[in-house]
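J.: Here is my input, please return the structure:
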Amino acid sequence: MKLWLLALAVTIAAVVALMSAQTGQRRVSLVVTNGIVVTMDAGNRVLQNGAVAIEGSDIVAVDTAEAIARGFRGRETIDATGHIVLPGLINTHTHAPMVLYRGLADDLALMEWLEKYIFPAEARTVSPEFVRAGTRLAALEMIQSGTTTFTDMYYFEEEIAQETRSAGLRGVLGQTVIQFPVADAKTPADALSRAEAFITRFKGDPLITPAVAPHAMYTLDGPTLRAARELSRRHGVPTLIHLAETEAELATSQAQHKMSPVAYLDSLGFLGAGVVGAHAVWVTEPEIALLKSRGVGLSHTPESNMKLASGTAPVPAYLRADVALGLGTDGAASNNDLDMFEAMRTASLLHKLQTKDPRAVSARAALEMATIRGARALGMERQIGSLEVGKRADLIAVSVVGARQTPMYDPLSHLVYVAHGDDVRTSVVHGKVLMRNRRVATLNEARVLAEAHEWAAKVRVAVNRD
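T.: Residues are numbered from 1 along each chain as shown. As a prediction, the model looks like this:
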């Protein structure tokens, strides 16, 4: 019986191959077709009835639906009628497990929020189990809202990497280095050792880019900052750091070092290609030029900066200087979600208001920050950030058929000013379909949510025990 089934399978495969040969079609693993394809490529192509052909992990063609149908036959096909198909969104700064602290402490300035609530909560609750559960919840939220790549800074980063890979997401994941004892390291030296072990374990992984994440200039001394950066350079991996986030950080740097955070890090030889600075709010025009010349990538986190009253980053100036600038949500404890559509809309509206110029951050610029500019900030623009032949097959399909999306004159305007994360219907990463018709294939949603509720009860007990 088994031999009969094998023979039948071989026969069917041969017939399909013959049909493809006769029609001139190339057999590929996946075709996404009949959608409005927003490529985010250098030519800013938008295909009103377009398609993307994928073989394995890579994009092999982007063209009209008719042209793709002539040239390719997918072993799997996704009909994107009524959807915008675009590159998966890139969240360039977050702390994934902190979704379990969502709403724990609100309406506070950064240092009060950190020192009175977040650091004590982490001291009492962070563990490998906590990190795994939080990452699963964050991954579920990101898949459902269109993020396909995220940049993370946290503890037990090897656990985050395993859960990220299991969920099928792409991650630039940084093992945190901080001066005081934390859950996974009692000293900065311990944290650096953990970081090196983490890099060794995951370097070369198709989905995971390991990184070193020195927390900030105000939570680390100079020698440790130098050591963290040297570790990154030695292994050729990114360095992730909080940079010039608040006016208090600026004052601390001036008091301790007689210079700004940017100038201080540069004096240490820290700044350079591969560094991704989160926030970069309190930065001057000359420092923007310095960051550009050093090849530093930046992550703009408008919602977190607004909620914590940290200030407004000089994003129009960054864009004029063509700095590699991405968008991030920050952790859900200070946002309070991981929805990159909200980040795009907030970034565009905030800077229009701040500058009194409605053109300050256009819809296209906001979408670029969430896609191709974000990829540049991470040094990954050759792999992700646009739908182009040879790049990784990371894409999403966003529904535009509801009352809120009707009528539609400009797809880019719709993506930034109309769409929400829950309009995403399909998510593909590295050629693998993670979500189709809102059904996530790589995570058990009910189990993830139940586990998160269990951890919330534990967090509530831990933070209220005093």
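J.: Show me what the host helix or strand of Glu129 is packed up against.
T.: Assigned by DSSP states H and E, Glu129 belongs to helix 128-144. With contacts defined as 3 or more C-beta pairs under 8 Å, 6 or more residues apart in numbering; DSSP states H and E, helix 128-144 has these neighbours: strand 147-154, helix 157-167, strand 424-429, strand 432-436, strand 439-440, helix 445-464. The way it works is simple: take the backbone N, C-alpha and C, and place the C-beta from them, glycine included.
J.: now it: how far from the chain's centre is it?
T.: 14 Å (C-alpha atoms, centre = their mean, to the nearest Å).
J.: partner strands of the longest strand along the chain, parallel or antiparallel?
T.: Ranked by residue count under DSSP state E, the longest strand found in the chain is strand 26-38. Strand pairing for strand 26-38, determined by DSSP bridges: strand 46-55 (antiparallel), strand 72-79 (parallel), strand 83-87 (parallel).
J.: Please spell out which residues along the helix holding Glu129 are buried.
T.: Of all the residues in helix 128-144, those buried under the rule 16 or more other C-beta atoms under 10 Å are 130-144.
J.: Nearest to Leu291 among the residues you listed?
T.: Looking at these and their distance to Leu291, the nearest is Met142, at 27.4 Å (C-beta to C-beta).
J.: doesn't Asp337 make contact with the closest one?
T.: No - Met142 lies out of contact with Asp337 (C-beta atoms under 8 Å); the separation is 10.1 Å.
J.: what's the nearest residue to Ala216 if we skip its chain neighbours?
T.: His242 (4.1 Å; C-beta to C-beta, 6 or more residues apart in numbering).
J.: distance of that neighbour from Ala42?
T.: 32 Å (C-beta to C-beta, to the nearest Å).
J.: And those two? Which one has more around it.
T.: Applying other C-beta atoms under 10 Å to His242 and Ala42 shows that His242 carries more neighbours, namely 25 against 9.
J.: Next one, pLDDT for that one please.
T.: His242 is assigned 98 on the pLDDT scale.
J.: do Glu115 as well
T.: 87.
J.: tell me the secondary structure for it?
T.: helix (DSSP: H, G, I helix; E, B strand; the rest coil).
J.: shift numbering so it begins at 57
T.: Let's use 57 as the start, then, which means that last one is Glu171.
J.: Show the contacting residues for it.
T.: Remark: with contacts taken as C-beta atoms under 8 Å, 6 or more residues apart in numbering, Glu171 is in contact with nothing.
J.: picking that back up, any chance of the strands paired with strand 82-94 in JSON lines, plus mean neighbour count, distance to Pro370 and mean pLDDT?
T.: Below are the strands paired with strand 82-94 laid out as JSON lines (neighbours: other C-beta atoms under 10 Å; distance: least, C-beta to C-beta, whole Å; pLDDT from 0 to 100):
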{"stretch": "strand 102-111", "mean neighbour count": "21", "distance to Pro370": "30", "mean pLDDT": "98"}
{"stretch": "strand 128-135", "mean neighbour count": "17", "distance to Pro370": "40", "mean pLDDT": "98"}
{"stretch": "strand 139-143", "mean neighbour count": "26", "distance to Pro370": "26", "mean pLDDT": "98"}
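J.: right, and Gly278 touches Gly325 too?
T.: No - assessed by C-beta under 8 Å, Gly278 is found out of contact with Gly325, at 10.3 Å.
J.: Which strands and helices lie in contact with the one helix or strand Gly430 maps to?
T.: Gly430 belongs to helix 428-433 when assigned by DSSP H and E. Here helix 428-433 touches strand 145-150, strand 353-356, strand 380-383, going by 3+ C-beta pairs under 8 Å, 6+ apart.
J.: May I have the longest one exported as CSV, CA atoms only?
T.: Spelled out, it's strand 145-150. C-alpha atoms of strand 145-150 as CSV (Å, rounded to 0.1, in the frame of the first residue of the first chain):
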residue,chain,number,x,y,z
LEU,A,145,7.0,46.1,9.6
ILE,A,146,10.3,46.5,11.5
ASN,A,147,10.1,47.5,15.2
THR,A,148,13.6,48.9,15.9
HIS,A,149,13.3,49.1,19.7
THR,A,150,11.3,47.1,22.2
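J.: and stretch 461-471, which residues are buried?
T.: Gln461, Pro467, Leu468, His470, Leu471.
J.: Report the contact partners of the first one.
T.: When contacts are counted by C-beta under 8 Å, 6+ apart, Gln461 is found next to Ser455, His470, Val474, Ala475, Asp479.
J.: what's the closest residue in space to the third one that isn't next to it in sequence sitting at in phi/psi?
T.: Translated: Val474. Nearest residue to Val474 in three dimensions, chain neighbours excluded: Gln461, at 5.8 Å (C-beta to C-beta, 6+ apart). The phi and psi values for Gln461, taken as degrees, to the nearest 10, are phi -100, psi 10.
J.: Please report how far Gln461 lies from Ala107.
T.: Taken as C-beta to C-beta, the span from Gln461 to Ala107 is 21 Å.
J.: likewise Thr207?
T.: 30 Å.
J.: just Arg516 next, same as before
T.: 49 Å.
J.: Kindly report the same for Leu434.
T.: 27 Å.
J.: swap in Gly91?
T.: Where Ala107 is concerned, Gly91 sits at a distance of 7 Å (C-beta to C-beta).
J.: go on, Val339?
T.: For Val339, the distance to Ala107 - C-beta to C-beta - is 42 Å.
J.: can you check Thr411 too?
T.: Taking C-beta to C-beta, one finds Thr411 at 39 Å from Ala107.
J.: and what of Leu505?
T.: Applying C-beta to C-beta to Leu505 and Ala107 gives a distance of 35 Å.
J.: show me where pLDDT drops low in the stretch 407-522 of the chain?
T.: Within the stretch 407-522 of the chain, the ranges that satisfy pLDDT under 70 run 521-522.
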